[in-house]
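Undergrad: only geometry, no sequence info:
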């Protein structure tokens, strides 16, 4: 007897990640793409499906919704999903603290896996960042560099903030209390008592991230470079499959990878 396929809804299906998710999911025999959504109604079929708006009818037969859109859209999706008890994988970034708290509240009703980056490598980098931050202590200052394609709107990236969270956890501090200056397209940027960020937006860069620690006498670098956007969609599909067996709660890729 064959295993039942997971019915999948992909929101923002015409976006960069939406298209990549469709491509990856169509090759993955664990999934059946059940519905696609966009912020406007489209008549043209994509993978044999006409994209619809986010609503209860569109999500009715879905097991998992994967959302890589914008915060406003994600919250709309979550409100509908929470009423229908649908699982949601969130790859959207750029949430405010208030929006983060709304997501936490909704996760008490449904299983949600949220990650600023779905790459297994990036999530390993965050784990190593925590270890380094805790081990190096207050004698080292830190900063974070990231680069993405010219169309990416938010900065610092969600991934850079994830890595900042890794530093904060290592120091047993709240990230929002130790975020320093946020630079854009600077060739050089300083270390500080708080975490400074520098974001580069150019060309078609898929993703580069680097965490640097300095004591003034030595520098430690932890970095990751992405070459193929498929690593994000494949990570999101791994998250969707994993979420099928979970109770309501807010999960991360760290939970999926079983880091302590």
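TA: Ah, there it is. A quick note: this is a predicted structure, and the numbers were derived from the prediction, not measured. Residues are numbered from 1 along each chain as shown.

Undergrad: CA only for contacts and neighbour counts going forward, please
TA: Fine.

Undergrad: tell me the mean pLDDT for the helix ranked longest in the chain?
TA: Criterion DSSP state H: the longest helix present in the chain is helix 120-136. Across helix 120-136, the average pLDDT comes to 94.

Undergrad: for whichever helix or strand comes after it, packing partners?
TA: As assigned by DSSP states H and E, the chain's next helix or strand after helix 120-136 is strand 141-148. Here strand 141-148 touches helix 158-170, strand 195-201, strand 207-214, going by 3 or more Cα pairs under 8 Å, 6 or more residues apart in numbering; DSSP states H and E.

Undergrad: quick one, helices of the stretch 1-150 of the chain?
TA: 16-26, 56-59, 71-84, 97-106, 120-136 (DSSP state H, counting those that start in this stretch).

Undergrad: out of the ones you listed, nearest to residue 179?
TA: With Cα to Cα as the criterion, residue 179 lies closest to helix 97-106 of the helices of the stretch 1-150 of the chain, at 13.4 Å.

Undergrad: what helices or strands is that closest one leaning on?
TA: helix 71-84.

Undergrad: How much space separates the residue nearest to residue 55 when sequence neighbours are not counted from residue 18?
TA: The spatially closest residue to residue 55, leaving aside those adjacent along the chain, is residue 80, at 6.7 Å (Cα to Cα, 6 or more residues apart in numbering). Separation of residue 80 from residue 18 (Cα to Cα, to the nearest Å) stands at 19 Å.

Undergrad: Same list, the helices of the stretch 1-150 of the chain, but as CSV with mean neighbour count and distance to residue 256 please.
TA: Listed next are these as CSV, based on neighbours: other Cα atoms under 10 Å; distance: least, Cα to Cα, whole Å:
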stretch, mean neighbour count, distance to residue 256
helix 16-26, 18, 19
helix 56-59, 17, 24
helix 71-84, 18, 21
helix 97-106, 14, 18
helix 120-136, 19, 10
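
Undergrad: want to try JSON lines for those helices, with distance to residue 212 as columns?
TA: Converted to JSON lines, those look like this (distance: least, Cα to Cα, whole Å):
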{"stretch": "helix 16-26", "distance to residue 212": "28"}
{"stretch": "helix 56-59", "distance to residue 212": "43"}
{"stretch": "helix 71-84", "distance to residue 212": "29"}
{"stretch": "helix 97-106", "distance to residue 212": "25"}
{"stretch": "helix 120-136", "distance to residue 212": "9"}
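
Undergrad: gap between the residue most central in space within the chain and residue 157?
TA: What sits nearest the mean C-alpha location of the chain, by Cα atoms, centre = their mean, is residue 116, with 2.5 Å. Separation of residue 116 from residue 157 (Cα to Cα): 8 Å.

Undergrad: joint contacts of the two?
TA: Common neighbours of residue 116 and residue 157 (criterion: Cα atoms under 8 Å, 6 or more residues apart in numbering): residue 93.

Undergrad: rank the helices and strands packed on strand 141-148 by mean pLDDT and give me the bottom one.
TA: helix 158-170 (a mean of 93).

Undergrad: Give me the residues contacting it.
TA: Contacts of helix 158-170 (Cα under 8 Å, 6+ apart): 93-94, 116-117, 122, 125-127, 129-135, 144-146, 174-175, 178-179, 195, 197, 209, 211.

Undergrad: if we go to 6 Å?
TA: Applying Cα atoms under 6 Å, 6 or more residues apart in numbering, the set of residues contacting helix 158-170 from outside is 93, 116, 117, 126, 129, 130, 133, 134, 174, 175.
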